[in-house]
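>>> Just to be clear, the model below is a prediction. Sequence and coordinates:
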2 protein chains.
Amino acid sequence: MNIKDIAKATGVSSATVSRVINNSGYVKEDTRKKIMKVINDNNYIPSAVARSLSIQDTASIGVIIPDIENPFFSSVIRGISDVAEKNNYNILFFGTNENQAIEHSYLKTVQGQRLKGVIITPISENDMETREYLIRLNNSGVPVVLVDRSIRDTEFDGVFIDNIQSAYEGVESLIHAGHKKIAIITGPETSKPGKERLLGYKKAMKAYKLDVLDKYIAQGDFKVEKAYKRTKELLELSMPPTAIFTSNNLTTLGCLKYLTEKNLEIGKDLSIMGFDDIETLKMIDFKLSVIDRDAKLQGQEAMKLLIERLENKNYQSEFKKIILPHSVILRGSEQIIKLI
Amino acid sequence: MNIKDIAKATGVSSATVSRVINNSGYVKEDTRKKIMKVINDNNYIPSAVARSLSIQDTASIGVIIPDIENPFFSSVIRGISDVAEKNNYNILFFGTNENQAIEHSYLKTVQGQRLKGVIITPISENDMETREYLIRLNNSGVPVVLVDRSIRDTEFDGVFIDNIQSAYEGVESLIHAGHKKIAIITGPETSKPGKERLLGYKKAMKAYKLDVLDKYIAQGDFKVEKAYKRTKELLELSMPPTAIFTSNNLTTLGCLKYLTEKNLEIGKDLSIMGFDDIETLKMIDFKLSVIDRDAKLQGQEAMKLLIERLENKNYQSEFKKIILPHSVILRGSEQIIKLI
């Protein structure tokens, strides 16, 4: 069956049938329906579609990230996708929701998906099973690139930032603003960047001869709800902190959520220094001071590293580790008027 | 090679080797490194890992969405993942970035991935090629569930909202607040919800005998940058609107970004009614009035429909179309003090 046959069966011109198939130009709704019925009844496949159905699959890359709802990872994905698109790779995403069992399950899936490479932000640097999967993938010719978090006792290509130094600078800004009672809401215990940001916090406190107090180190999990609870607990201490260093963007939001609900004011009741900027708040000019880095660039660089491995046949060359720059953006939320 | 052999080779106890493998309890860094070296050199795979490596793949579901950076879709994905996890399905995400060629490429990929089912928000209801792929998938026993956008001239299971009615109610709220000069920034021409929200806008204007003016209908694309430009153009008209109905969350943000840059005030210089709530702004109690719906629920219902198809063997039963409720949340941004 071809376009002429469809035209004959419906009593219209070939041009009209063609307009319906290509969805261009005006066709009366009744006529369109009649033509579609003939197409459906006869399982007719337009040749352009038929052609594309038979083309070889595009090469696919698996991307495994811990939190699909975190805008930081959305930007990383945007960066990976941009470079992938230009180089004709498809991207398959897997969101592990910071759950190691899900991560293992996905890594198992990846093995069966005939993927060309894998970009991953592993949940924990200490996970033997994830480590094993990644080494196996890499050894079997499916190169692995790490983003933002590394794996212990083994090496892969990867794109990171200096978490200790950047956290140090963030806390230093709070100290320069006059704070002495500075708390931190940390990341989950499994996260290497989370642990390193805590190290940076401690390093800055010690460098300025400030006490590192257990009660000011609140265990968070990089999510809104726990940060909200931790902020509440910190502010209910008999000697509450005057500033909080929030270890990621969602931690900052949980903290802001609590302050807003309690009608507390930034810079008056509490100061905040956040890790990672929050695009939405930037748009409405909300004065939040943050440690920032280019998440999109991080994704782009990761995909470039992967393509290098795949296309330059330098499979046996040394692993490359890229450390991207960070910056401290002071917008006022680090300041305080009334030091308690 | 087993744990005892590793213990012997490194001169430590089996318990120590076991602690390293399971990453539990304290082991001196030097000892850990020595043990890991033996493990790596001998390609030893702990039995728990070996076991899981040989287990049958979990069933995988493909999820194809147009914009991975839009928080609405992040919430849909969260809903899909929650139900998938409870029912032991893996999720593979594909972001098409509202680009039909990428959508086709992914649908081609999906055919080769041995997926059990597909959940998709198709970019355009008029795309013959996407339609063809989806029919083929469905006919070949890979059920398809639509989320938020449908496909013309064919049916699948799907979860939607009433876009015409909800947009109508949003614009009606602006009219009730006293506005007569109401503009809309629309979605892309390909998007069915975008077109239906425009229909709802027109319907409300006509119901209240207000003129539908071409100059107040600004073509957007559901993204920040174009919405920013359109807001600028609307406010530079010789007779600017007093209120803008923004057709999705990112459109609202683009509009807010322009107002913020120009130091314009909501409720004084311009009123806004947005489509879809913005979680981050809610947390800091930013007074934005919106049409809202439960995006997470939409994802959950979609995954439930798919599981029903897959597990109840009712493959030939009639397609189910779920229309979820919406609500109008008035927080003040629909109000105006100074009517121009």
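Yep, it's here.

>>> residue boundaries of the strands in chain A?
A:59-65, A:89-95, A:117-120, A:144-147, A:157-161, A:182-185, A:217-218, A:243-246, A:271-275, A:289-293, A:321-324, A:326-329 (DSSP state E).

>>> which stretches of the stretch 51-200 of chain A aren't confidently modelled?
Low-confidence segments of the stretch 51-200 of chain A (pLDDT under 70): A:51-58, A:112-113.

>>> In it, which residue sits closest to chain B?
A:F93 (3.7 Å; Cβ to the nearest Cβ). No exception for glycine: its C-beta is placed from N, CA and C like everyone else's.

>>> Relative to A:I21, how far out is that residue?
Distance of A:F93 to A:I21, given as Cβ to Cβ, to the nearest Å: 32 Å.

>>> quick one: which of these two has more around it?
Between A:F93 and A:I21, A:F93 has the larger neighbour count (other Cβ atoms under 10 Å in any protein chain shown), namely 25 against 19.

>>> pretty sure the more buried one is in contact with A:I68, am I right?
Yes: taking Cβ atoms under 8 Å as the definition, A:F93 is a contact partner of A:I68 at 7.1 Å.

>>> shared neighbours of those two, anything?
Counting by Cβ atoms under 8 Å, 6 or more residues apart in numbering or on different chains, the common neighbours of A:F93 and A:I68 are B:I68, B:F93.

>>> mind listing what the residue nearest in space to the middle of chain A touches?
The centre of chain A sits closest to A:F73, judged by Cα atoms, centre = their mean, with a distance of 0.8 Å. A:F73 makes contact with A:I65, A:P66, A:D67, A:T121, A:A295, according to Cβ under 8 Å, 6+ apart.

>>> let's go with 10 Å and repeat that
Residues touching A:F73, when contacts are defined by Cβ atoms under 10 Å, 6 or more residues apart in numbering or on different chains, comprise A:63, A:65-67, A:93, A:95, A:121, A:147-148, A:295, A:299, B:68, B:74.

>>> and which of these is nearest to A:T16?
B:I68 (38.2 Å; Cβ to Cβ).

>>> Skipping adjacent residues, who's closest to that closest one in space?
Spatially, and ignoring its direct neighbours in sequence, B:I68 is nearest to B:G95 (3.7 Å; Cβ to Cβ, 6 or more residues apart in numbering or on different chains).

>>> residues near the one you found, how many?
Neighbours of B:G95 (other Cβ under 10 Å): 27.

>>> Next: A:I217.
So A:I217, with other Cβ under 10 Å, has 15 neighbours.

>>> just so I have it, where are all the helices in the stretch 51-200 of chain A?
Remark: helices assigned in the stretch 51-200 of chain A by DSSP state H, counting those that start in this stretch are A:71-86, A:100-112, A:128-139, A:163-176, A:192-207.

>>> looking at these, which is closest to B:E318?
Closest of these to B:E318 is helix A:100-112, at 32.1 Å (criterion: Cβ to Cβ).

>>> Wondering if that closest one reaches chain B at all.
Yes: using Cβ under 10 Å from any Cβ of the partner chain, helix A:100-112 reaches chain B at A:A101, A:I102, A:H104, A:S105, A:Y106, A:L107, A:K108, A:T109, A:V110, A:Q111, A:G112.

>>> Please verify my assumption that the second one contacts B:K86.
Read it as A:I102. No: if you go by Cβ atoms under 10 Å, A:I102 and B:K86 don't touch, sitting 11.9 Å apart.

>>> who's more crowded, these two?
A:I102 (22 against 11).

>>> so what's the nearest residue to the more buried one once chain neighbours are set aside up against?
Of all residues not flanking A:I102 in the chain, A:T96 sits nearest, at 4.7 Å (Cβ to Cβ, 6+ apart). Residues near A:T96 by Cβ under 10 Å, 6+ apart: A:64-68, A:102-107, A:120-123, A:130, B:81.

>>> 8 Å instead?
Counting by Cβ under 8 Å, 6+ apart, A:T96 touches A:I64, A:I65, A:P66, A:I102, A:E103, A:Y106, A:I123.

>>> next one: A:K321
By Cβ under 8 Å, 6+ apart, the neighbours of A:K321 are A:D157, A:G158, A:F160.

>>> Beta-bridge partners for the first one, please?
Listed by DSSP bridges, the beta-bridge partners for A:D157 are A:V145.

>>> wouldn't it be in contact with A:S150 here?
No: between A:D157 and A:S150 there is no contact under Cβ under 8 Å: 10.8 Å.

>>> Between the two, which has more neighbouring residues?
Between A:D157 and A:S150, A:D157 has the larger neighbour count (other Cβ under 10 Å), namely 25 against 17.

>>> got the residues of the stretch 101-250 of chain A near chain B?
Taking Cβ under 8 Å from any Cβ of the partner chain as the contact definition, the stretch 101-250 of chain A meets chain B at A:102, A:104-106, A:108-109, A:112-114, A:126-129, A:132-133, A:136, A:153-154, A:224.

>>> which among the residues you listed end up buried?
The neighbour count (16 or more other Cβ atoms under 10 Å in any protein chain shown) marks A:102, A:104-106, A:108-109, A:113, A:126-129, A:132-133, A:136, A:153-154, A:224 as buried among these.

>>> Where do the domain boundaries of chain A fall?
Following automatic domain parsing, one gets these domains for chain A: A:3-46, A:60-161+A:294-326, A:163-293.

>>> Select, out of those domains, the one closest to B:Y168.
domain A:3-46 (23.0 Å).

>>> Over the closest one, what's the mean pLDDT, rounded is fine.
Domain A:3-46 shows a mean pLDDT of 77.

>>> what distance separates it from the middle of the whole chain?
Relative to its parent chain, domain A:3-46 has a centroid offset of 45 Å by Cα atoms, centre = their mean, to the nearest Å.

>>> got it, and stretch A:237-244?
Per Cα atoms, centre = their mean, the centroid offset for stretch A:237-244 relative to its chain is 31 Å.

>>> Equivalent analysis for stretch A:215-232, please.
The answer for stretch A:215-232 is 20 Å, by Cα atoms, centre = their mean.
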